[in-house]
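**Q** Just need the structure, nothing else, for what follows:
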Amino acid sequence: MKEFTKLNIEAMINAPIAKAWECYTLPKHIIHWNFADESWCCPSAENDLHVGGKYKARMEAKDGSFGFDFEGIYEAVEIENYLCYVLEDERKVKVWFEPNEASTKVIVTFDAENENPLEMQQGGWQSILDNYKKYTEL
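**A** Numbering: from 1, shown residues only. Down below sits the predicted model:
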């Protein structure tokens with residue numbers, strides 16, 4: 001089993017847990033927030049939300065210069081509480097949803113890859129989570 005550095009990001013979402021969960025997991029919402037900055041987009045997403053199911057999101061530069069598929073297989077799914085999926089390179093992503101009255105804290109722990117600096121990865125993932133927060137709070 002590979003060893004990875006674990007990174008954490010989080011955001012307090014001003015929305016009840018049902019809305020926070022729906023915006024995080026339904027493809028019709030994912031395509032609106034799953035990119036790190038405005039020069040990128042997420043033209044498609046699929047989410048088979050059960051253990052053994054696949055999560056897939058296409059990320060592309062808007063100018064068409066680069067794109068990739070981000071894919072994982074679910075190891076755990078607890079509706080409105082917790083997700084864990086494994087990426088193709090064996091890295092894990094864990095997501096917790098913690099309700100707090102009319103808001104929801106979302107905490108993401110992910111295994112870093114070895115190609116880019118840790119600060120860059122953490123910043124990119126945080127930017128995506130910040131986009132999710134903005135979209136969900138609309």
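
**Q** ok, now how distant is the residue nearest to Glu60 when sequence neighbours are not counted from Asp37?
**A** Distances taken as C-beta to C-beta, 6 or more residues apart in numbering put Gly67 closest to Glu60, at 3.5 Å, once the chain neighbours are dropped. (Glycine included, C-beta is placed from N, CA and C.) Computed as C-beta to C-beta, to the nearest Å, the Gly67 to Asp37 distance reads 15 Å.

**Q** So what touches whichever strand or helix holds Gly123?
**A** The secondary structure element spanning Gly123 is helix 118-136 (assigned by DSSP states H and E). With contacts defined as C-beta atoms under 8 Å, 6 or more residues apart in numbering, helix 118-136 is touched by 5, 7, 9-13, 15, 19-20, 23-24, 29, 32-37, 106, 108, 110, 112-113.

**Q** at 6 Å what do you get?
**A** Applying C-beta atoms under 6 Å, 6 or more residues apart in numbering, the external contacts of helix 118-136 come out as Leu7, Ile9, Ala11, Ile13, Ala15, Ala20, Cys23, His32, Trp33, Ala36, Ala112.

**Q** out of those, what pair is the most spread apart?
**A** The two members of the contacts of helix 118-136 with the most space between them (C-beta to C-beta) are Ala15 and Ala112, at 28.5 Å.

**Q** For the closest residue to Asp48 other than its chain neighbours, report the pLDDT, please.
**A** Closest residue to Asp48 in three dimensions, ignoring its sequence neighbours and counting by C-beta to C-beta, 6+ apart: Lys54, at 5.2 Å. According to the predicted model, the pLDDT of Lys54 comes to 98.

**Q** so how many other residues sit close to Lys54?
**A** 14 (other C-beta atoms under 10 Å).

**Q** Wait, it touches Asn47, no?
**A** No: applying C-beta atoms under 6 Å as the test, Lys54 and Asn47 come out as separate, 8.0 Å apart.

**Q** what do these two both touch?
**A** Common contacts of Lys54 and Asn47 (C-beta under 6 Å, 6+ apart): none found.
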